[in-house]
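Enquirer: this one's sequence-less:
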């Protein structure tokens, strides 16, 4: 930008020089005395119109040529300098504007520029500021709405917990009551089952609202992965799941959250994928010269529909909309994903070339604790 | 059978938990507010307190702190899942364990039993480590000749650690040995209890002599 301006300046300067000579030529018939402006001085004649051949030493001409060349260079430098100085007031606001736009696209909507002067550039700066503040207001409003919605979901879940505490406490009594037979016993069993389902749903809702509110925290422990995987599967009675975890593989992570991630992925594979379900763990390069923990959960079913892959971690997402309500809350994979993210890790979903869906959890070996 | 002092403000939850605990064979005294709990506490002759944290008026944390001033009765908090501030605050106030609402009666039962088992006596002579005297038979701990008042959980932790001096216990191991929690127990229980125990038996908690931290592994007793 700057060099283009300078070249333009030089071109304009040269054209102006030519034009001024043309104007002077036009005026000479009226004001003959103006001829001094256009007539070449005598020393130029010496140089170019050598009227007296043989006169004057050749060194003298060479000297004059050098002086002339230097003068031309000096003139060019002066013009360039002037162009430089003239371009500054134009370029400076443009640069500030560019920097501000960059910060804004980086997410800082509070950026504003002090307008200077009253020219078009100042107007541009003022409109930029107007746009930025309008955008900031709008985004702030949307964020507030989203926060209110999240707060509401969290509040509702918390409110549900109190009646559920009473129900959970007594539903067992009802279930075990020997006096209940026939329809009453069936009803009691149904109530108990659905109270448990409701419990899971509320628990998951509360868990996810805690991620939304940013209050979820890690409790880090040195964890033996083979041990953690084994316990997770045993606790849920998933004895048919095959594991391939090297002994002695450890990572510093939140054990409960790791268990939640694993249980949700394996549970998903067991319910919706085909057997056998396998869990494989190991260390993989993390792309920054270090290693990270990679846990792969694979089933041998039909795999995920390609259109569903980007949405599997969405809340309440169901790959098959016609499918009846499953025993999960519909939040399991979303919670697994949030838990991985809390560890500064991530989960990838896809299909194995050999068939079946593959979920790969990548976690740092030493989870950074955010405070 | 043991008597439980149940502190819960919601009538349905209080009644439901009382029903369930009675069926499990416990004697139950229910209190609606923190003030009532502190008032009834003495003549209730309770063996364990099950305390809701969210109470109108005096909240659960404050009730726990006030209970601790005059008593070493085990306190189990009723909390929301993973409400970390609540859990940490409750443990700092001196609670021994926590359960998450809505709690299954069998889970609460297991926790109460575990907390009551912590006062089991062993038949062995008193041991002395530096200024510290530990008597496993009478469950008395003295520091420099003066009795130290420990809650059952603090006592059990000290007995487990001092039972194998110099051996390093991971937090996971301690959760199993002291709290009888499964593998997914909350290791903050251990840290909070170690803090409280140090405050009672160490001369300088920043330079612990008896309960030492082994960074990255866990805790050990001594070497004294």
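Expert: Alright, I've got the coordinates. A quick note: this is a predicted structure, and the numbers were derived from the prediction, not measured. Numbers count the residues shown, from 1 in each chain, chains lettered A, B, ... in the order given.

Enquirer: up against chain A, what does chain B have?
Expert: B:10, B:12-13, B:15-17, B:19-20, B:23, B:78, B:80-85, B:101-106, B:170-172, B:182-184, B:186-188, B:216-217 (Cβ under 8 Å from any Cβ of the partner chain). (C-beta placed from N, C-alpha, C; glycine too.)

Enquirer: got the phi and psi for the nearest residue to residue A:290 once chain neighbours are set aside?
Expert: Nearest in space to residue A:290, with sequence neighbours left out and distances taken as Cβ to Cβ, 6 or more residues apart in numbering or on different chains, is residue A:365 at 7.7 Å. Dihedral angles of residue A:365 (phi, psi; degrees, to the nearest 10) stand at phi -70, psi -30.

Enquirer: let me see the contact set for residue A:365.
Expert: Shown in contact with residue A:365 (Cβ atoms under 8 Å, 6 or more residues apart in numbering or on different chains): A:251, A:252, A:283, A:290, A:291, A:292, A:293.

Enquirer: residue B:133 reaches residue B:144, doesn't it?
Expert: No. Counting by Cβ atoms under 8 Å, residue B:133 sits too far from residue B:144 to count as a contact (9.1 Å).

Enquirer: which of those two has more residues huddled nearby?
Expert: A direct count of neighbours by other Cβ atoms under 10 Å in any protein chain shown for residue B:133 and residue B:144 places residue B:133 higher, at 18 against 10.

Enquirer: and the gap between residue A:162 and chain B?
Expert: Counting by Cβ to the nearest Cβ, to the nearest Å, the separation of residue A:162 from chain B is 5 Å.

Enquirer: residues touching that residue, list them.
Expert: B:10, B:12, B:13, B:101.

Enquirer: on that earlier part again, of the contacts of residue A:365, which is the nearest to chain B?
Expert: residue A:252 (8.5 Å; Cβ to the nearest Cβ).

Enquirer: among the residues of chain B next to chain A, which are located in helices?
Expert: Among the residues of chain B next to chain A, the ones falling in helices (DSSP state H) are B:12-13, B:15-17, B:19-20, B:23, B:84-85, B:105-106, B:171-172, B:188.

Enquirer: who in chain A is up against chain B?
Expert: Checking chain A against chain B by Cβ under 8 Å from any Cβ, the hits are A:158, A:161-170, A:172-173, A:199, A:202-203, A:206-207, A:210, A:215-217, A:219, A:221-222, A:227-228, A:231, A:235, A:255-256, A:259.

Enquirer: I'd like the mean pLDDT over the helix or strand hosting residue A:195, please.
Expert: Assigned by DSSP states H and E, residue A:195 falls within helix A:182-213. Helix A:182-213 carries an average pLDDT of 85.

Enquirer: please apply the same query to stretch A:118-137.
Expert: Summarised as a single mean, pLDDT over stretch A:118-137 is 86.

Enquirer: show me where chain B has its helices.
Expert: B:11-23, B:34-44, B:60-70, B:84-92, B:105-117, B:152-163, B:171-174, B:188-201.

Enquirer: roughly how far does whichever residue of the stretch 251-371 of chain A sits closest to chain B sit from residue A:344?
Expert: Residue nearest to chain B within the stretch 251-371 of chain A: residue A:256 (5.0 Å; Cβ to the nearest Cβ). Computed as Cβ to Cβ, to the nearest Å, the residue A:256 to residue A:344 distance reads 17 Å.

Enquirer: likewise for residue A:230?
Expert: Relative to residue A:344, and taking Cβ to Cβ, residue A:230 is found at 25 Å.

Enquirer: how much space separates the residue nearest the centre of chain B from residue B:151?
Expert: What sits nearest the mean C-alpha location of chain B, by Cα atoms, centre = their mean, is residue B:96, with 2.1 Å. To residue B:151, residue B:96 is 6 Å away according to Cβ to Cβ.

Enquirer: if we can go back for a sec, just checking, which of the contacts of residue A:162 comes out lowest on pLDDT?
Expert: Ranked by pLDDT, the contacts of residue A:162 bottom out at residue B:101, which scores 84.
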